[in-house]
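> Mind folding the following:
(one chain, ligands or ions: 1)
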Amino acid sequence: MSLLVTGSIGLDTLETPFGKRENVIGGSAIYFSYAASFFTPVRLVGAVGEDAPQMIYDALKGRPVDISGLETRKGSKTFRWHGSYVKDLNEAQTVQVDLNILAEHAPKIPAAFRDSQYVFLANTHPLLQQEMLASLSGVQLVVADTMNLWITNEQAELRKLLGKIHGLVLNDGEARMLTGKKNLIEAAQDVLKMGPQFVVIKKGEHGSMLCSGGDTFVLPAYPAKQVIDPTGAGDSFAGGMMGYLASQNSLHMSVLRRAMAYGTVVASYTISDFSLAGLQNTSREKIDQRYTEFKSAMSF
Ligand code: AMP
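Residues are numbered from 1 along each chain as shown. Down below sits the predicted model:
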C-alpha cells in the first residue's frame with residue numbers, strides 16, 4: 001500500500017543532558033519518513049524555504065523515500081525549532097519556534113501521489129493538515145499527530161481535523177490538555193468522541209496505549225539503557241507503526257498491535273543518539289531482532 005506523509009521539515013537546535021546540537025536535521029515528516037522506510041516505500045510532501053541547506057535534501061538519500069513532493073519555496077524561510085530536554089527527558093520544552101513556512105499555505109501534492117492509500121499527517125499546523133487531506137482521493141487510512149502548540153492556539157481547526165481522520169497519535173500530556181481529563185482512559189474515550197476510530201497515546205518511557213471502541217491495548221517502552229536525545233521519538237514511533245501497517249495492508253487489531261510494537265522498537269533507535277544518527281545506524285535486520293527480544297521480554 002502506498003504511504004504518504006506530510007509534516008514539518010526543518011532545522012533543530014537540541015539540548016539534552018548529553019549536550020547541545022545546533023541546526024541539525026529535524027521535523028516530524030523527516031523522522032517519520034526515515035522510520036517508515038524500513039518497512040515500505042514512502043512519499044514525502046513538505047516545504048522548505050530557499051535558505052534550506054543541502055543536508056535537508058540529502059537526509060533521506062539511499063532510503064526508499066520519494067522526495068518529489070519536497071517543495072523549495074522562493075521568498076520563504078525554513079521551519080526552525082529549538083527544544084530542550086535538560087529539565088525532563090520525557091518532555092520537550094520549546095525554547096524557540098520559528099514557524100516560518102509552516103505559517104503559510106500547504107505544499108502541493110504531486111499528481112503522482114494523489115492516489116496514496118495510507119496517509120500520515122505528521123505534526124504541523126492543523127489547517128495545513130486539512131488542506132493536504134482535501135487534495136487526496138482514494139485514501140483508506142488517515143492518521144494524524146498533533147502537539148500542545150496547536151491544542152492551545154488552533155483548537156477549533158484541530159477539532160475540524162479530528163472529524164476527518166481515522167486515527168490520532170498524541171502524547172499523554174497532549175491528550176489531557178485536549179480533553180481536560182486526567183485519567184488517560186477517560187481522555188482516550190473523549191478523543192474518540194471527537195471523531196477518530198482509534199487513538200494511540202504515547203507515554204514516553206512508560207510506553208503507549210491504543211484505544212478503539214471496546215479494545216484497549218497497552219505496551220511498555222523498549223527498556224533502553226541510554227536516552228541521549230528523545231527528539232523525534234513520537235514521529236519515529238508513528239513511522240514504524242504506519243510503515244508496518246502499510247506493508248501488511250490490513251487494519252486488523254492484531255496487526256495494529258504488532259505495528260505499535262514495531263513503532264516502539266524503531267523509536268528506541270531514534271533516542272539512542274542525536275537527530276537522525278540513531279536511525280542511520282540501524283537496519284531492518286536489527287529492528288527485527290530487537291522486536292523479537294522485546295516480544296519475549298513481555299511474555300510471562
Ligand atoms: P517528536 O517526535 O514529537 O519529538 O517531534 C520532534 C520534531 O518535531 C522536531 O524535529 C521538530 O522540528 C518538530 N516540531 C517541533 N515543534 C513543531 C511544530 N510546532 N510543528 C511541527 N513540527 C514541530
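> and the spatially closest residue to Arg290 that is not a sequence neighbour, what element?
Leaving aside its chain neighbours, Arg290 sits nearest to Val265 (4.9 Å; criterion: C-beta to C-beta, 6 or more residues apart in numbering). Heads up, the C-betas are built off the backbone N, CA and C, glycines and all. Using DSSP states H and E, the element containing Val265 is helix 253-270.
> For the protein, which segments count as helices?
All helices of the chain, identified by DSSP state H, fall at 28-36, 54-58, 126-134, 148-153, 155-162, 172-179, 184-193, 233-248, 253-270, 277-280, 284-297.
> okay, these, which one's buried deepest?
Highest mean neighbour count of the helices of the chain: helix 28-36, a mean of 31 (counted as mean count of other C-beta atoms under 10 Å).
> can you pull the contacts of the residue in the stretch 151-300 of the chain that the ligand sits nearest to?
Residue nearest to the ligand within the stretch 151-300 of the chain (C-beta to the nearest ligand atom): Gly234, separated by 3.3 Å. Applying C-beta atoms under 8 Å, 6 or more residues apart in numbering to Gly234 gives the contacts Asn123, Asp145, Val169, Asn171, Lys202, Ala267.
> Now do the contacts for the fourth one.
What that stands for is Asn171. Asn171 makes contacts with Ile201, Lys202, Lys203, Gly204, Gly234, as judged by C-beta under 8 Å, 6+ apart.
> Tell me which residues are up against stretch 277-291.
Outside stretch 277-291, the residues within contact range by C-beta under 8 Å, 6+ apart are 31, 34-35, 38-39, 222, 228-229, 236, 240, 261-262, 265-266, 268-273.
> Can you name the residues of the chain sitting close to the ligand?
With C-beta under 6 Å from any ligand atom as the criterion, the chain meets the ligand at residues 8, 10, 12, 26-28, 31, 81, 97, 102, 123-124, 147, 149, 231-235.
> Kindly recompute the last result at 8 Å.
By C-beta under 8 Å from any ligand atom, the residues of the chain that approach the ligand are 7-8, 10-12, 26-28, 30-31, 79-81, 83, 92, 94, 97, 99, 102, 122-125, 145, 147, 149-150, 171, 230-238.
> picking that back up, and the residue of the stretch 151-300 of the chain closest to the ligand, what's its pLDDT?
Gly234 carries a pLDDT value of 95.
> Columns distance to Ala111 on top of the helices of the chain, output as CSV?
As requested, the helices of the chain are exported to CSV (distance: least, C-beta to C-beta, whole Å):
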stretch, distance to Ala111
helix 28-36, 20
helix 54-58, 21
helix 126-134, 14
helix 148-153, 29
helix 155-162, 24
helix 172-179, 34
helix 184-193, 34
helix 233-248, 20
helix 253-270, 29
helix 277-280, 30
helix 284-297, 30
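> List the contacts of the closest residue to Asp273 other than its chain neighbours.
Spatial nearest neighbour of Asp273, excluding adjacent residues (C-beta to C-beta, 6+ apart): Ile228 at 5.4 Å. Listed by C-beta under 8 Å, 6+ apart, the contact partners of Ile228 are Thr16, Phe18, Ile271, Ser272, Asp273, Phe274, Gly278.
> Let me see the backbone angles for the second one.
When you say that, I think you mean Phe18. phi -100, psi 10 (degrees, to the nearest 10).
> measure it to the ligand for me?
According to C-beta to the nearest ligand atom, to the nearest Å, Phe18 and the ligand sit 16 Å apart.
> Give me the distance between the nearest residue in space to that residue that is not next to it in sequence and Phe32.
Nearest residue to Phe18, sequence neighbours excluded (C-beta to C-beta, 6+ apart): Ile228, at 4.8 Å. Distance, Ile228 to Phe32, by C-beta to C-beta, to the nearest Å: 20 Å.
> ok, back up a step: what would the contacts of Gly234 look like in a markdown table with pLDDT?
Formatted as a markdown table, these follow (pLDDT from 0 to 100):
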| residue | pLDDT |
| --- | --- |
| Asn123 | 90 |
| Asp145 | 96 |
| Val169 | 96 |
| Asn171 | 93 |
| Lys202 | 95 |
| Ala267 | 97 |
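> Okay, and which of these map to strands?
If you go by DSSP state E, the contacts of Gly234 have Asp145, Val169, Asn171, Lys202 in strands.
> which residues does the first one form a beta bridge with?
The reference is to Asp145. Beta bridges link Asp145 to Val169 when assigned by DSSP bridges.
> what do you get for the last one?
On DSSP bridges, the residues paired with Lys202 through beta bridges are Asn171, Ser208.
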